[in-house]
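A.B. asks: build me a model:
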Amino acid sequence: TYSRKSSDTFNILVKPYWSQRGASRFLELVRSGYYDGVALNRVVPGFLTQFGIAADPTVRNHWGKLAIVDDLPFDDIPFQP
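C.D. replies: This is a model prediction of the structure:
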C-alpha cells in the first residue's frame, strides 16, 4: 500500500539474484540515508517504484562519481515484457 503521507512507510523487495551489484548499491544508498526525504516519482504497486535523486548536492555528487561494474548476464531469468 502506498500513500502520499510523508509519515507512511513501505517495504521494498530487493532481489539480489537479478542484479547482485545493483541490489548491493541500492541497499548501500538506503543505509547511508541517500533517499531520506527524496520524493517518489512514480509507484506502480507490485511492480516498481522510481525514486528521485538526493536533494543535497554534496551527497548527490559523492555518489554520482562512484561507478559500479555491470553484473554478469543471467540466462536463467526469463524476460517477460
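A.B. asks: pLDDT value on the residue minimising distance to the centre of the chain, please?
C.D. replies: When Cα atoms, centre = their mean is applied to the chain, the residue found nearest the centroid is F26 (4.8 Å). Turning to F26, the model gives it a pLDDT of 86.
A.B. asks: wait, isn't it in contact with P16?
C.D. replies: No - counting by Cβ atoms under 8 Å, P16 is not a contact partner of F26; they are 9.4 Å apart. Just so you know, the C-beta spots here come from the backbone N, C-alpha and C atoms, and that holds for glycine as well.
A.B. asks: phi first, then psi, for A55.
C.D. replies: Taking degrees, to the nearest 10, you get phi -70, psi -30 for the backbone angles of A55.
A.B. asks: and for it, the neighbour number?
C.D. replies: Residues lying near A55 (other Cβ atoms under 10 Å) number 11.
A.B. asks: does P16 touch R25 like I think?
C.D. replies: No - using Cβ under 8 Å, P16 makes no contact with R25, being 10.8 Å away.
A.B. asks: pretty sure G52 contacts G37?
C.D. replies: No - contact criterion Cβ under 8 Å: G52 and G37 do not qualify, at 9.5 Å.
A.B. asks: buried set for stretch 56-65?
C.D. replies: Within stretch 56-65, the residues scored as buried using 16 or more other Cβ atoms under 10 Å are V59.
A.B. asks: run through who's touching it.
C.D. replies: Outside stretch 56-65, the residues that touch it by Cβ atoms under 8 Å, 6 or more residues apart in numbering are 29, 32-34, 53-54.
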